[in-house]
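> here is the input, now give the coordinates:
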Amino acid sequence: MNILLLRANPRKGGYTQRVCDLVAEGASEAGAKVEDVDLVAKNITHCIGCYHCWTVTPGRCRFSDDMPGLLERMLDTDIILYATPLYYYSMSSTLKMFLERTLPLTTENFDETPQGHMRNGIRYPERWKDKKIGFITAGAFRSLDNFEALRRTFALMAEGSEAGLCASLIRPEAYLLQFELAKPKTVRMVETALKRAGVELATAGMVSEDTEQKVRLPLAVDQEHLLKYSRIYWEHAVAMGEEARDLTAVQRAVVGDVRVLMSEMARSIDPAASKKLQAVLQFDFPDKDWHFRITVDHGRCVLKEASSERCDLRVTVDTAVWAGVFTREVNVRDALMQKKIVLEGDKSLFTRLDRYFPPPVS
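Numbers count the residues shown, from 1 in each chain. I've put the predicted structure just below:
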């Protein structure tokens with residue numbers, strides 16, 4: 001199987017790049033020949049709608065740039081796989097500009113698709129026989145409705161060229177993929193599904209509905225959590241200024257934010273292990289003046305960003321140290337000995353935290 005992967009993501013190292021890499025990796029490992037093209041790096045002139053490719057030199061554009069070679073590659077491959085971030089409910093300008101320049105592959109004639117929609121004629125129908133197209137996209141929105149315009153565009157493109165639509169790989173909440181520390185199991189399921197999508201394209205020429213669903217697995221428990229994590233993300237990005245262009249640096253800051261860590265800790269409560277427990281656990285972070293109260297009541301847990309004078313256990317610790325505890329970069333015993341973690345109240349509760357709030361499993 002020959003796959004032409006056309007990437008149109010201007011920012012390298014971002015989430016579209018990440019999900020696209022996984023699909024390409026899966027396809028290559030399954031034996032497909034993947035031709036990986038970065039459209040951003042190509043010399044592509046804007047289409048000016050002159051119809052020179054229809055009237056003067058049929059099938060050939062008036063501009064001499066990288067497009068003729070790219071059009072030939074499209075005609076030669078089995079699957080055309082487009083990759084774009086979600087920009088303003090649609091595709092990146094790079095991909096839009098590329099698609100407009102595919103006009104030489106059509107003719108001036110009008111006809112109908114098998115589904116009854118009007119289209120321009122196909123210039124090389126024999127070379128489009130059995131060809132398929134698919135797309136990969138990533139965006140911050142939670143709802144699939146926000147991706148509908150993009151999905152519909154590719155569906156119409158497939159219909160108009162009589163190519164089958166073989167992959168609709170949509171990754172909502174894309175920036176939450178960075179929370180691997182808090183959600184390693186779910187993130188790993190998404191990554192596995194993306195690689196599986198590549199395998200299916202290489203072996204069956206089509207991604208199954210089940211795999212597409214797994215690619216879209218929710219990472220935020222609800223809209224409230226999504227908005228909360230989004231605010232934290234942009235708080236760090238704005239504070240970092242130019243440094244925020246390094247996505248890895250932003251990810252490190254966000255993943256180590258105790259507001260995220262405390263939220264995920266509370267969500268990880270084990271109802272069976274804590275079914276007999278009634279306790280108030282207070283966590284104070286003096287370096288940020290942040291305070292979190294976790295109330296456990298027979299297997300249920302409520303987290304509040306608040307301070308409580310009366311509690312069963314009080315943990316006082318700086319945010320960097322507590323983040324290090326989560327990442328296993330800080331030895332808890334040493335931190336206690338060095339008074340970097342100070343306990344008041346029932347200290348046995350602290351020793352059982354991993355039991356009540358088991359860490360995420362990789």
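> which residues in the stretch 51-200 of the chain form helices?
Remark: helices assigned in the stretch 51-200 of the chain by DSSP state H, counting those that start in this stretch are 52-55, 67-76, 93-100, 125-128, 148-161, 184-203.
> show residues contacting the fourth one.
Applying Cβ atoms under 8 Å, 6 or more residues apart in numbering, the set of residues contacting helix 125-128 from outside is 75, 122, 161-163. (C-beta placed from N, C-alpha, C; glycine too.)
> for stretch 4-23, measure first residue to last.
Stretch 4-23 stretches 12 Å from its first residue to its last (Cα to Cα, to the nearest Å).
> give the buried residues for that stretch.
4-10, 14-23 (16 or more other Cβ atoms under 10 Å).
> turn the contacts of helix 125-128 into a markdown table, including pLDDT.
As requested, those are exported to a markdown table (pLDDT from 0 to 100):
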| residue | pLDDT |
| --- | --- |
| Leu75 | 95 |
| Ile122 | 92 |
| Ser161 | 88 |
| Glu162 | 84 |
| Ala163 | 89 |
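> follow-up on the earlier one: with respect to Glu29, which of the helices of the stretch 51-200 of the chain lies nearest?
helix 184-203 (7.2 Å; Cβ to Cβ).
> any buried residues in that closest one, and which?
186-187, 190-191, 193-202.
> who's in contact with that helix?
Residues contacting helix 184-203 (Cβ under 8 Å, 6+ apart): 1, 3, 19, 22-32, 79, 81, 134, 166-167, 169, 171, 177, 179-180, 206-208, 211-212, 214-215, 217, 219, 360-362.
> are any of the residues you listed buried, and if so which?
The neighbour count (16+ other Cβ under 10 Å) marks 1, 3, 19, 22-28, 30, 32, 79, 81, 134, 166-167, 169, 171, 177, 179-180, 206-207, 211-212, 214-215, 219, 360 as buried among these.
> before we move on, back to that, what's the closest of the helices of the stretch 51-200 of the chain to Tyr87?
Among the helices of the stretch 51-200 of the chain, helix 93-100 sits nearest to Tyr87 (Cβ to Cβ), with 7.3 Å.
> that closest one packs against which elements?
Using 3 or more Cβ pairs under 8 Å, 6 or more residues apart in numbering; DSSP states H and E, the elements in contact with helix 93-100 are strand 79-85.
> strands of the stretch 201-350 of the chain, start to end?
278-285, 290-297, 300-304, 313-317, 341-345 (DSSP state E, counting those that start in this stretch).
> Phe154 is nearest to which of those?
Per Cβ to Cβ, nearest to Phe154 of these: strand 300-304, 41.0 Å.
> now for the helix or strand of the chain with the lowest mean pLDDT, which elements pack on it?
Least confident helix or strand of the chain, by mean pLDDT, DSSP states H and E, is helix 247-255 with a mean of 82. Contacts defined by 3+ Cβ pairs under 8 Å, 6+ apart place helix 247-255 against helix 223-240.
> just checking, what packs against the helix it packs on?
Against helix 223-240 (3+ Cβ pairs under 8 Å, 6+ apart) you get helix 247-255, helix 258-267.
> just the buried residues of that helix, please?
Residues 225-226, 229-230, 232-233, 236-237 are the ones in helix 223-240 that count as buried (16+ other Cβ under 10 Å).
> do stretch 320-331 as well
321-326, 330.
> and Pro10, that's in a helix?
No - applying DSSP: H, G, I helix; E, B strand; the rest coil, one finds Pro10 to be coil, outside a helix.
> that one against Met91, yeah?
No - the criterion here is Cβ atoms under 8 Å, and Pro10 misses it with Met91 at 11.5 Å.
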